[in-house]
Structure formats: C-alpha cells, structure tokens
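> Got a predicted structure plus its sequence, pasted below:
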Amino acid sequence: MHRFATRTSLMLFGLGVFAWAATAFADPAPAPSFSVRGLDGKIIRSSSLRGRPVVLDFWATWCGPCRASMPHLDSVHQRYQNSGLVVLGLSVDDSDPADVRRFVQRLGVTFPIAMADEKLLDEYGPIRSIPTTFFISRDGHIVRRVVGYLDQETIETYVRELF
C-alpha cells in the first residue's frame, strides 16, 4: 500500500485537475522546523533558512499540475535567489530518490529538491492534495498555503509579498 492514506485525493490533482485554493493567514503561525536530505545528499535544515523568504512545494513526479508548476517555481528561484529567496521542492514520491533526481534533471529544475517523509507531511499537513505550496516569511511564519497548480503570475505575486 502507498504510504499516503489519501492517495486517491492526491491523484485527483495528479490527473490534471488545475484548480487551486489559496489561503492567506491574517495571523501567521510559525512554520514547523524540519531537517531533510536533498537529492544532492546535503542536509537542509529549516533553521538555516531563518531570515530568508521560503517557498516550500510538496509535489510528485506522477502529478501533472506539479510538473506544470515546476518551471514557474524554477523561474522565481532563478530570479530571486540573489535576493535571498529559497525555493525547496519536497517530493512525496515513494520511488527511489535516484529516480526523482533523474526526473528533476530531465525537467531542468535548478532549485533544491528533497524527499518528504511522513513526519514532515504530518507537521505541514494534513497534505491531502498536491501540489501544496507554502510561502514562508523571513521570520519563519507561514503567510500563505496554496493547494493546486500555480501559474507564473500568481507565484510571482506571492513571492513579492514575501519581500
């Protein structure tokens, strides 16, 4: 059995449903801390991201809307990384990290990717649909959660709000 009890709902987005729901928080909560191993083998800790705006994107290789959002996320990564923005993709795939790495290389994604574990999904969740993207302020608070495909203009707008 797949590690996600809600794979059916996750797959709804993976099959091409391009709807999204954005939630902006008037009283933002602190983002849960985490430590993940990137596909490059390096450990990424949320504590090392403090003071920088962060975009966390939970995604999967089998998810169509996730794949469609990736170039937009990569574009904002390239545009704003020198201003301190961190874009981090968190794969929910069950497959071997090497398979995810090959997939990411084929897409030409340049932002860091790590594998999400159950603990991380629980702390940021429940994550019931993907993609699910979190926009985190410099002071470590979740200011927006978006479920579903994000187009370039919307991502740009939300990223600019972080600065």
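Ah, there it is.

> Mean pLDDT per helix and strand in this structure: which one sits at the bottom?
Using mean pLDDT, DSSP states H and E, helix 7-14 stands out as the lowest-scoring helix or strand of the chain, at a mean of 39.

> give me the beta-bridge partners of the residue nearest the centre of the chain?
For the chain, D57 is the residue whose C-alpha lies nearest the centre (Cα atoms, centre = their mean; 0.6 Å). Beta bridges link D57 to G89, T133, judged by DSSP bridges.

> any idea how far it is from D27?
D57 sits 23 Å away from D27, taking Cβ to Cβ, to the nearest Å as the criterion. Placement of C-beta: from N, CA and C, glycine included.

> Check R79 too.
Here R79 is placed at a distance of 29 Å from D27 (Cβ to Cβ).

> higher neighbour count, those two?
R79 (12 against 5; other Cβ atoms under 10 Å).

> which residues touch that one?
Under the criterion of Cβ atoms under 8 Å, 6 or more residues apart in numbering, R79 has no contact partners.

> tell me which element it falls in.
helix 64-80 (DSSP states H and E).

> likewise V87?
Going by DSSP H and E, V87 is part of strand 86-91.

> distance of the residue nearest to L90 when sequence neighbours are not counted from F34?
Nearest residue to L90 in three dimensions, chain neighbours excluded: A116, at 4.0 Å (Cβ to Cβ, 6 or more residues apart in numbering). Between A116 and F34 the computed distance is 9 Å (Cβ to Cβ).
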